[in-house]
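>>> Pasting the sequence and the predicted coordinates here, then a few questions.
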Amino acid sequence: MPLFRCSVWLLGALLSFTSVVRSDGPNPTDDFCSLSAQMMAQKDDMLYIAGGWMLYPSPYTNYNGPNTVLRSLNVSKSFQTSLDSANYVRTEDVPGTVPGVQDAAFFPTESGFDLTFGKWWPYNSTLYGTRDPPIESKKWQYDIASQQWTNTNITLKNWFQTNPQMRITSGMTVWVPSLKQGFLFGGLFASENGTSLKVTALEEHNGLITYDQATNTWTNATTPLGGIAEGGLVHITTATDEVLIQLGGRSDWATRLRPFSEINIYSTSKSKWYTQHLAPDATVPSPRFTFCTALKSASDGSSYQIYIMGGLEAGSSADARGGPTTTSIWVLSIPSFEWTQLPFKATNTAADPKGRIAPSCQAIGEHYIFYYGGRNVPSYYNTPTCDKKADAAFLFDLNTLTWTDQFTPNEGTYEIPQNVIGLIGGDKNGGSTKKAPVKGWSDPDLETIMTLKTTTAGNTGTGGGTRSNNGTSSTSGSSTSSNPSKTNVGAIAGGAVAGVAAVALGLLGAMMLRRHRQKKKGPQLPPNPMKLPLTDAGNLEEGTSSAPLELMDHNRLSGGGVYTAELPAGEVAREIYTRPENRLGK
């Protein structure tokens, strides 16, 4: 019975194939422990998450490396973060020709996004293949409609680059739709150490880089502020200007955190920086860095609120990273420049993200902040608690000040928190009575620059934000709310399994019909690939020492003979050289 034997062989091959697909390694969509230093930006109703550094739980720590998946979710539809992310997040593989970067610039275009700069480690593996390195004078463009990546040359002006292996990372980026310009402020110089597969973080970058999309040009300009990295940057529109507001971060080779009593302001119309100094007795948050920000506007446009979440608080003067992560939520009101801390609650324990390093934030819907990723640790020198089954998404309801798992678009309108109203006057919809700081402006120019344009109806500010990429939302161009199928390792395996099963069952059916003249069906096989066994996601490696995970050497990949990149957390896990001979030349 050769036909019968053939069918049995195909069924055996089906089961064997299923095991092989999942035995190669973890699924980058579902099996990661943490994703941090990613970029997040919104275009129309779609929110995209790209890049970053992924840590995997035991026994897959050899696969720690760059994020190779582009994630997107439709924020015009309801979703529930307590469900498997596959229910509301679409994923697609990023080809190996696109650099696996973190802390990069990720700006919207008419048809998709531009990806430029960022930190990159030399990397390859049997699972992901070789990732091409970034090139300073190129950008990578993603087209939403075709789901294709291409690269093109860019023009660099007043550039600091003298070493082709030197890059800017951990900068703060923001997109200004009306100007069709992107801005990258501060950050770190990072250098690849030859062929050692190590990346050394050097001093902070003291500059503002402006990206003009029309001319495809990046222009670097030195600032009077000194080097700042891993702070917050937001864009607001005033009556006469498009303004960038920078707050927090760290300086001086990670030995000093910037106080929240100094708010840096950039006028794009004047191409000039200002610093608004708060009163010595002003209430301000403890200094922090690697946090994320989100921006909202009062319904009448009379005030803005800048929310800050997550991050690391101050450590010692020798090492700013020595402090704890924070769960506190603070809000800065503009134009009164007053801080207040917000009380909050959570609908359940799982809805609370707890303390995280380098998460991303984005204001979505009418009154929510989407909070994604970051390393869930009590302090920098701790092993992260894993986001099991990729549950790295969280929601904060600004109207109820509650961490929740349910998102409902177009529900109500944004309401200014009562704690803020007590400072700036007005009511939940606006009507702020404070048009300037209590102690006055630090520079007379700011009185005009920071005058807001109020309206009588409608919500004038949707806000935006991430740890670095605040306000990279765009409403130009055609709708992009397509719903292609999820493309990941599990989906590919499932499709192949279904195909083989169909052939095998077809042959069995034909044989039975011809030989026995019966209408009895052959046995059905499960259509889904086999799942990996559950692992303890609480620790990345059992029996590890108490030394920071980021400073450990990684195991050699089996068979490949190639080390994964060292210092995997990336966003803050850096070697900081303080010896003068290691500083960059000016």
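Perfect, thanks for sending it. Just so you know, these numbers come straight off a predicted model, no measurement behind them. Numbering: from 1, shown residues only.
>>> helix or strand right after the host helix or strand of residue 54?
Assigned by DSSP states H and E, residue 54 belongs to strand 53-55. Downstream of strand 53-55, the next assigned helix or strand under DSSP H and E is strand 65-66.
>>> avg pLDDT for that next one?
Per-residue pLDDT over strand 65-66 has a mean of 84.
>>> Quick one: list the elements packing against that strand.
strand 53-55 (3 or more C-beta pairs under 8 Å, 6 or more residues apart in numbering; DSSP states H and E). Heads up, the C-betas are built off the backbone N, CA and C, glycines and all.
>>> Quickly find the element holding the closest residue to residue 307 other than its chain neighbours.
Excluding the flanking residues, the one nearest residue 307 by C-beta to C-beta, 6 or more residues apart in numbering is residue 294, at 4.7 Å. If you go by DSSP H and E, residue 294 is part of strand 292-297.
>>> who does that strand touch, helix- and strand-wise?
Going by 3+ C-beta pairs under 8 Å, 6+ apart, strand 292-297 lies up against strand 232-237, strand 304-309, strand 360-364.
>>> Please identify the deepest-packed of these.
The highest average neighbour count among those, using mean count of other C-beta atoms under 10 Å, belongs to strand 360-364 at a mean of 28.
>>> Paired strands for whichever helix or strand comes after that strand, with orientation please.
Using DSSP H and E, the next helix or strand after strand 360-364 towards the C-terminus is strand 368-372. Partner strands for strand 368-372, per DSSP bridges, with pairing direction: strand 360-364 (antiparallel), strand 393-397 (antiparallel).
>>> between these, which one is nearest to residue 383?
strand 393-397 (20.6 Å; C-beta to C-beta).
>>> So which residues make contact with the closest one?
Strand 393-397 has contacts (C-beta atoms under 8 Å, 6 or more residues apart in numbering) with 81, 85, 89, 309, 329, 344, 351-353, 367-372, 402-407.
>>> How about stretch 219-230?
156-160, 170-172, 185-188, 203-210, 212, 246, 249-252, 258, 264, 271, 273, 275, 289-290, 358, 467-468, 571-572.
>>> Pull out the buried positions in it.
By neighbour count with 16 or more other C-beta atoms under 10 Å, stretch 219-230 contains the buried residues 219, 220, 223, 225, 227, 228, 229, 230.
>>> distance of the first one from residue 405?
Just to be clear, that refers to residue 219. Separation of residue 219 from residue 405 (C-beta to C-beta, to the nearest Å) stands at 43 Å.
>>> what's the answer for the last one, then?
Distance of residue 230 to residue 405, given as C-beta to C-beta: 29 Å.
>>> quick one: strands adjacent to the strand holding residue 54?
strand 34-36 (antiparallel), strand 65-66 (antiparallel).
>>> Not counting the following helix or strand past the shortest one itself, show me its contacts.
Spelled out, that is strand 65-66. Using DSSP H and E, the helix or strand that follows strand 65-66 in sequence is strand 69-74. For strand 69-74, contacts defined as C-beta under 8 Å, 6+ apart pick out 28-29, 45-50, 79, 88-94, 142, 481, 483, 488.
>>> Relative to residue 384, which of the helices and strands packed on strand 292-297 is closest?
Per C-beta to C-beta, nearest to residue 384 of the helices and strands packed on strand 292-297: strand 360-364, 15.9 Å.
>>> ok and that closest one relative to strand 69-74, angle-wise?
20 degrees (axes from the mean of the first three to the mean of the last three C-alpha atoms, to 10 degrees).
>>> Could I get the average pLDDT for strand 360-364?
97.
>>> CA atoms only: put it into PDB for me.
The C-alpha trace of strand 360-364 is given here as PDB (Å, rounded to 0.1, in the frame of the first residue of the first chain):
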ATOM      1  CA  SER A 360       8.000  54.300  26.100                       C
ATOM      2  CA  CYS A 361       4.900  56.400  26.500                       C
ATOM      3  CA  GLN A 362       2.300  57.700  24.000                       C
ATOM      4  CA  ALA A 363      -0.900  59.600  24.600                       C
ATOM      5  CA  ILE A 364      -3.700  57.800  22.800                       C
END
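>>> can you start the count at 445 instead of 1 from here on
Yes, from this point I'll number from 445; that puts the last item at strand 804-808.
>>> Okay, now the unreliable bits of the stretch 895-1030 of the chain?
Filtered on pLDDT under 70, the stretch 895-1030 of the chain yields the residue ranges 900-1030.
>>> before we move on, back to that, reformat the helices and strands packed on strand 736-741 into JSON lines and put distance to residue 518 next to each item.
Shown next, in JSON lines, are those (distance: least, C-beta to C-beta, whole Å):
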{"stretch": "strand 676-681", "distance to residue 518": "24"}
{"stretch": "strand 748-753", "distance to residue 518": "23"}
{"stretch": "strand 804-808", "distance to residue 518": "10"}
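>>> out of the ones you listed, which comes closest to residue 882?
Among the helices and strands packed on strand 736-741, strand 748-753 sits nearest to residue 882 (C-beta to C-beta), with 17.2 Å.
>>> Sheet partners, orientation included, of that closest one?
strand 736-741 (antiparallel), strand 773-778 (antiparallel).
>>> who touches that strand?
So strand 748-753 is contacted by 676, 678, 680, 689, 691-692, 729, 732, 735-742, 773-779, 803, 805, 813, 815, 840, 842, 860-861, 864, 896, 905, 909 (C-beta under 8 Å, 6+ apart).
>>> And for stretch 876-887?
718-723, 742, 746-747, 777, 779-782, 867-870, 891, 894-896.
>>> Send me it as CSV with only the CA atoms.
Output in CSV follows, covering the C-alpha atoms of stretch 876-887 (Å, rounded to 0.1, in the frame of the first residue of the first chain):
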residue,chain,number,x,y,z
SER,A,876,-6.4,78.2,33.3
THR,A,877,-6.0,81.6,35.0
LYS,A,878,-2.2,81.4,35.2
LYS,A,879,-0.5,82.5,32.0
ALA,A,880,3.1,82.7,33.4
PRO,A,881,5.3,81.4,36.2
VAL,A,882,4.6,82.8,39.6
LYS,A,883,8.1,84.4,39.8
GLY,A,884,8.0,85.6,36.2
TRP,A,885,9.9,84.6,33.1
SER,A,886,13.7,84.0,33.2
ASP,A,887,14.0,85.8,29.9
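>>> What residues of it count as buried?
So stretch 876-887, judged by 16+ other C-beta under 10 Å, has buried residues 876, 878, 881, 885, 886.
>>> likewise stretch 784-794?
784, 786, 788, 790, 791.
>>> Test my guess that residue 822 contacts residue 771.
No: Residue 822 lies out of contact with residue 771 (C-beta atoms under 8 Å); the separation is 10.1 Å.
>>> Which neighbours do the two have in common?
residue 799.
>>> how about the strands in the stretch 745-894 of the chain?
748-753, 756-757, 773-778, 782-786, 789-790, 800-801, 804-808, 812-816, 819-820, 837-841, 846-848, 850-851 (DSSP state E, counting those that start in this stretch).
>>> re earlier: residue 546: which of the buried residues of stretch 663-674 is nearest?
Distances from residue 546 to these, taken by C-beta to C-beta, are shortest for residue 674, at 12.0 Å.
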